[in-house]
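# Coordinates for the following, if possible.
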Amino acid sequence: MAQRTAARPLEEAAPRRGLLQGTGSRAAGLWVLLVVALAVCALSISVGTRPIGLGTVWHALLDSSTPGDETVIVRQLRVPRTLLGVLAGLALGASGALMQGHTRNPLGDPGLLGVTAGAAFAVVLSISLLGLRTPSAYIWPALAGALLASIAVFAIGSAGRGGATPVSLALAGSALTYLMFALVQSITIRESTTLDAFRFWIVGALAGRDASVAVQVAPFVVAGLVLAVVNAPALNLLGLGEDVARGLGQRVWLARVVGLAALTLLAGAATAACGPIAFVGLVVPHVARALTGPDHRWLIPASALLGVIALLLADVLGRVVARPGELQVGIVLAVVGTPFFIALVRRRRLVQL
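Residues are numbered from 1 along each chain as shown. Now for the predicted structure:
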């Protein structure tokens, strides 16, 4: 009877079956998402303020000695931008699925545990105290800030008899987020130079980053994805309730630590590289859950691939709608993501996870 009661939240959180049922259909669905993601990557390289045909793109990729401005645009601007979008999309999609699973909160996103706020505070300090001004220079301070914020949240949320629970972690993360952003505002209000540099980072964008940014964050994203996949079976057990998970032999504290480490690496790397980008980690896991169901072994990779698709499509849209200029991807996702999420809430009953 106790097991039935503990299992009920997971049954209410999402349909037991998604649109894709069975291992074969889910695997086929992941392959389809991968093909779509590759097609969107090709679109991202071809479409922009200056359209370039796929044939020209192919020649520019294969032969760097091909003359013309198109070769420079493809190899030095669009390829690094697309690669960074792939890494950030994978990180934000997977971290959103992890966050909603660990907090049992359908409105959870990668910033819920203070990762985004910690990265933002570190970037502001690096601009104000060290005089850093380029996105590539913000990588290491932002990663350090995200890591320290995650450690602080886990330490605060673990205090007390109950240890680290979804509620205590979410409350600690919210408190730390408000504190960090208050400190950020206090610095930017006093220093106009810091504000000018910080506002270009905080909007969230893929533009203006060279290939070195993607190279720096790639190891963190890969490590975070590996930990996320490792954490998936434990997350399925935690969905049945912590008491049931312990009864089945799961060490809850270890699952929380691994999940928090994956979240920190993924969300911290994406935020450090691109600035805070909303709605990918919030909306994408719900779409993936509708396809795969609540099994995190399939949900996490599906969310990662859908994150790539959503982020790159938004980036392409931002280049097209504001020609000859462009809208940053963070702005496009906010404009498109809000009505999409409202429609998703109206069509699906979102309750506690």
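# wait, doesn't residue 255 sit right on residue 233?
No: applying C-beta atoms under 8 Å, one finds residue 255 not in contact with residue 233, separated by 9.1 Å. No exception for glycine: its C-beta is placed from N, CA and C like everyone else's.
# And the two? Which one has more around it.
Using other C-beta atoms under 10 Å as the criterion, residue 255 and residue 233 rank with residue 255 on top: 20 against 14.
# helix/strand/coil for residue 254?
The local conformation at residue 254, judged by DSSP: H, G, I helix; E, B strand; the rest coil, is helix.
# which SS class is the closest residue to it other than its chain neighbours?
Spatial nearest neighbour of residue 254, chain neighbours left out: residue 234 (7.6 Å); criterion: C-beta to C-beta, 6 or more residues apart in numbering. Taken by three-state DSSP, the conformation at residue 234 corresponds to helix.
# quick one: contacts for residue 234?
Listed by C-beta atoms under 8 Å, 6 or more residues apart in numbering, the contact set of residue 234 reads 245, 250, 254-255, 258-259.
# a markdown table please, covering the residues you listed and showing distance to residue 223 and pLDDT.
Below are the contacts of residue 234 laid out as a markdown table (distance: C-beta to C-beta, whole Å; pLDDT from 0 to 100):
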| residue | distance to residue 223 | pLDDT |
| --- | --- | --- |
| 245 | 25 | 78 |
| 250 | 22 | 83 |
| 254 | 17 | 87 |
| 255 | 17 | 87 |
| 258 | 12 | 91 |
| 259 | 14 | 89 |
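# burial measure for residue 49, as a count.
Neighbours of residue 49 (other C-beta under 10 Å): 12.
# oh sorry, the question was meant for residue 55
Neighbours of residue 55 under the rule other C-beta under 10 Å: 9.
# ok, it to residue 43 distance?
15 Å (C-beta to C-beta, to the nearest Å).
# In the protein, which residue is most central in space?
The centre of the chain sits closest to residue 92, judged by C-alpha atoms, centre = their mean, with a distance of 1.1 Å.
# Where does that residue sit, in terms of helix or strand?
helix 79-103 (DSSP states H and E).
# how distant is that helix from the center of its chain?
Computed by C-alpha atoms, centre = their mean, to the nearest Å, the chain-centroid distance of helix 79-103 equals 3 Å.
# and that helix, what other elements does it pack with?
helix 23-46, helix 166-190, helix 211-238, helix 252-274, helix 280-292, helix 296-321 (3 or more C-beta pairs under 8 Å, 6 or more residues apart in numbering; DSSP states H and E).
# Take those and lay them out in a markdown table including distance to residue 100.
A markdown table is the format used below for these (distance: least, C-beta to C-beta, whole Å):
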| stretch | distance to residue 100 |
| --- | --- |
| helix 23-46 | 19 |
| helix 166-190 | 10 |
| helix 211-238 | 10 |
| helix 252-274 | 11 |
| helix 280-292 | 5 |
| helix 296-321 | 9 |
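# closest to residue 337 out of the ones you listed?
Closest of these to residue 337 is helix 280-292, at 5.7 Å (criterion: C-beta to C-beta).
# my guess is residue 224 meets residue 95, correct?
Yes: between residue 224 and residue 95 there is a contact at 7.3 Å, judged by C-beta under 8 Å.
# Have a look at these two and say which one is more surrounded.
residue 95 (38 against 26).
# so what's that one closest to, chain neighbours aside?
Using C-beta to C-beta, 6+ apart, the nearest residue to residue 95 is residue 266, at 3.9 Å.
# and that neighbour, what is it in contact with?
90-92, 94-95, 98, 110, 220-221, 224-225, 228.
# Widest-spaced pair of those residues?
98 and 220 (14.7 Å).
# which of the two has more neighbours?
Neighbours were counted for residue 98 and for residue 220 using other C-beta under 10 Å; residue 98 has more, 31 against 23.
# Check what pLDDT the more buried one gets.
You'll see residue 98 listed with a pLDDT of 91.
# about what we covered before: do you know which of the helices and strands packed on helix 79-103 lies nearest residue 136?
For these, proximity to residue 136 was assessed by C-beta to C-beta; helix 211-238 is nearest, at 5.1 Å.
# Thanks a lot, catch you later.
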